[in-house]
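Colleague: Sharing a model prediction with you, sequence too.
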Amino acid sequence: MNFQEQPSDILATLGKLRDADAPTHGGRVLSYVYDSGVAELDELAASAIRMVQPVNGLDPTTFTSVAVMEREVVAFARDLLNGDDDVVGSVTTGGTESCLLAVKTARDNWPGEGKPRLLAPVTVHAAFHKSAHYFGLELDLVPVLSDGVVDADVMIERMGPDVALVVVSAPSYPHAAIDPIAKIADAAHEQGIDCHVDACIGGWVLPFWGDLEPWDFRVHGVTSMSADLHKFGYAPKGISVLLTRGRDRQRAQYFATTRWPGYPVVNPTMLGSKSAGALAAGWAITRALGRDGLAELAASCARSTAFLIELIDFIEGLRVVGSPVGPLLAIATDENVPEDRRVDPHHWADQVRSLGWLLQLQPGLSQSFGVTLPHTTHITVTPVTEGVMAGLAEALMAAASDVRGVPPVSTEDALASLPEGLADTLGETHDSETALRVLVDVGLVSMDGSGLPEKMAPFLALITALPAPVTERLLTELIARTFE
């Protein structure tokens, strides 16, 4: 065949594109990627994906390998999360799809009329915001305490017959706080309300994380759980498992129709045709690692997390928020030291980035009952972190020294940085061209396509200062323009 472009040249171009990405191996990126540090697992996953490359996961009766692999992955997850034979499940394309399906299932099983509520702590993952928006539920967010943990009594007080689903986290992403799951789930059960445990980030590692209070299917009131295999199951993106207690409850997750002249459509997940690649890779990795392998990798994460907590406690001007459960933590300013000795976590993260390590900046949040959650920097720990800890620790300490005493960007300063008249424009509903001009004027993007600014702290302050609908519209434009 005469190709328009030679395969070798195409792959060379792809290689150059990948060179511009943040590194997915080596422990330099402490969010988004979950590097086991075991090269054999990467090779195994790649080989498994290649073997099922032409397979369509739409129809497990035609491609029976799909049914076998999914059955075994679900069984592994069910055992890991202490489910019995009444717990059934599906493999999805990621945590967001698992959360969407959990909400859709609860909504369809809800016996009430009108618009149901989805009740959750304010720290619940944004996927549940999307779920409520997509499926027409009212999102009722409960404020959390300063350590990121929701008050169980407040959650229980907010329950009622109009609640279709209660969601709790194991742990929450922003602060690694595990909610009081047993008390909340049991109260939901007494009122006949479904309760979902979002264990997308914790489901494959918390079973090996010391002596925790029951948080999984050992709690009778838990009706569903999500756990991402592409996080601490070390599979490639994107694969998650959604487990549901009770076959009758779980069948509401499905979509089926014979009301057209084509083949009968029966989908357990959002997608129809779908790749079997991530499923094959996840299946292969669970078979290779087993419980013992996962436990060994979790132990590495635990050692690194404990070391980082001690390190942050040692760095003057910083503090760990709450009591993290799992291999992630949030770091805030220690306001118990004099102002000239404090370290702003966003300036710190920007400085750490300049030293070759990528941390994740998180905005603060003012809550309804007066407890303000501080702006923080997030760190996700993976098994590979242990091998690079010396360099990481050096960078974290050096960056703190470089920015100690530098005040945070205040909301007043952030708003004052806007060009004259721009604040009025931001209050209006603006079209794409206006949104682009705002992004250029605030310095977040440039017309020459040179990329994001080096320092993100001012932008995070702007997010906090502006109304949420405004920043959401601007961020939509930013990402859309990135693709364009």
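Modeller: Here it is on my side, so go on.
Colleague: Could you give the average pLDDT over stretch 242-252?
Modeller: If you average the pLDDT over stretch 242-252, you get 97.
Colleague: Work out the gap between it and the centre of the chain.
Modeller: Counting by Cα atoms, centre = their mean, to the nearest Å, stretch 242-252 is centred 23 Å from the centre of its parent chain.
Colleague: One more: stretch 4-13?
Modeller: Centroid displacement of stretch 4-13 relative to its chain, using Cα atoms, centre = their mean, is 34 Å.
Colleague: Packing partners of the helix or strand hosting S226?
Modeller: S226 belongs to strand 224-228 when elements are defined using DSSP states H and E. The contact analysis (3 or more Cβ pairs under 8 Å, 6 or more residues apart in numbering; DSSP states H and E) places strand 224-228 against helix 95-109, strand 194-198, strand 240-245. All C-beta atoms are positioned from the backbone trio N, CA, C, and that covers glycine.
Colleague: Give the pairing partners of the second one; include direction for each.
Modeller: To tie it back to what came earlier, the one meant is strand 194-198. Strand 194-198 has the following strand partners under DSSP bridges: strand 163-169 (parallel), strand 224-228 (parallel).
Colleague: Can I get the longest one in CSV, CA atoms only?
Modeller: This points to strand 163-169. What follows is the C-alpha trace of strand 163-169 in CSV, where atoms were taken according to Å, rounded to 0.1, in the frame of the first residue of the first chain:
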residue,chain,number,x,y,z
VAL,A,163,-32.6,11.7,48.8
ALA,A,164,-31.9,9.1,46.1
LEU,A,165,-28.3,8.6,47.0
VAL,A,166,-25.8,9.4,49.8
VAL,A,167,-22.1,9.5,48.7
VAL,A,168,-19.1,9.2,51.0
SER,A,169,-15.4,9.0,50.2
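Colleague: The very next helix or strand once past that strand: which residues count as buried?
Modeller: With elements assigned by DSSP H and E, the helix or strand that comes after strand 163-169 is helix 181-190. By 16 or more other Cβ atoms under 10 Å, the buried positions in helix 181-190 come out as I181, A182, K183, I184, A185, D186, A187, A188, H189.
Colleague: for stretch 249-263, same thing?
Modeller: Buried-residue list, stretch 249-263, by 16+ other Cβ under 10 Å: R249, Q250, A252, Q253.
Colleague: what's the closest non-adjacent residue to the third one?
Modeller: Yep, that's A252 we're talking about. Closest residue to A252 apart from its sequence neighbours, by Cβ to Cβ, 6 or more residues apart in numbering: D108 at 4.0 Å.
Colleague: for the second one, same thing?
Modeller: For Q250, ignoring the flanking residues on the chain, the nearest one in space by Cβ to Cβ, 6+ apart is T244 at 3.8 Å.
Colleague: In helices only, show me the buried residues of stretch 249-263.
Modeller: Among the buried residues of stretch 249-263, the residues falling in helices (DSSP state H) are R249, Q250.
Colleague: shaky segments in this structure?
Modeller: Along the chain, segments meeting pLDDT under 70 span 421-429, 447-452.
Colleague: So it: which segments form each domain?
Modeller: What automatic domain parsing lists as the domains of the chain is 46-286, 411-483.
Colleague: Number of residues surrounding S410?
Modeller: 12 (other Cβ atoms under 10 Å).
Colleague: Spit out the contact partners of it.
Modeller: Shown in contact with S410 (Cβ atoms under 8 Å, 6 or more residues apart in numbering): A461.
Colleague: what's the distance between it and A349?
Modeller: To A349, S410 is 17 Å away according to Cβ to Cβ, to the nearest Å.
Colleague: got a list of what P180 touches?
Modeller: V149, V150, A152, V168.
Colleague: Redo those residues as CSV? Include distance to S65 and neighbour count.
Modeller: Converted to CSV, those look like this (distance: Cβ to Cβ, whole Å; neighbours: other Cβ atoms under 10 Å):
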residue, distance to S65, neighbour count
V149, 43, 21
V150, 42, 24
A152, 44, 19
V168, 35, 31
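Colleague: got those residues as JSON lines, with distance to A12 columns?
Modeller: As requested, those are exported to JSON lines (distance: Cβ to Cβ, whole Å):
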{"residue": "V149", "distance to A12": "51"}
{"residue": "V150", "distance to A12": "51"}
{"residue": "A152", "distance to A12": "57"}
{"residue": "V168", "distance to A12": "48"}
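Colleague: among those residues, which are in helices?
Modeller: Among the contacts of P180, DSSP H puts A152 in helices.
Colleague: What's opposite the residue nearest to Q250 in the beta bridge?
Modeller: V88, S224.
Colleague: hang on, it packs against T105?
Modeller: Yes - look at T244 against T105 with Cβ atoms under 8 Å: they come within range, at 6.7 Å.
Colleague: So for these two, which residues contact both of them?
Modeller: With Cβ under 8 Å, 6+ apart as the test, T244 and T105 both reach S224, Q250, Q253.
Colleague: out of the domains of the chain, nearest to D402?
Modeller: domain 411-483 (12.7 Å; Cβ to Cβ).
Colleague: Now do the closest one: distance from first to last residue.
Modeller: 30 Å (Cα to Cα, to the nearest Å).
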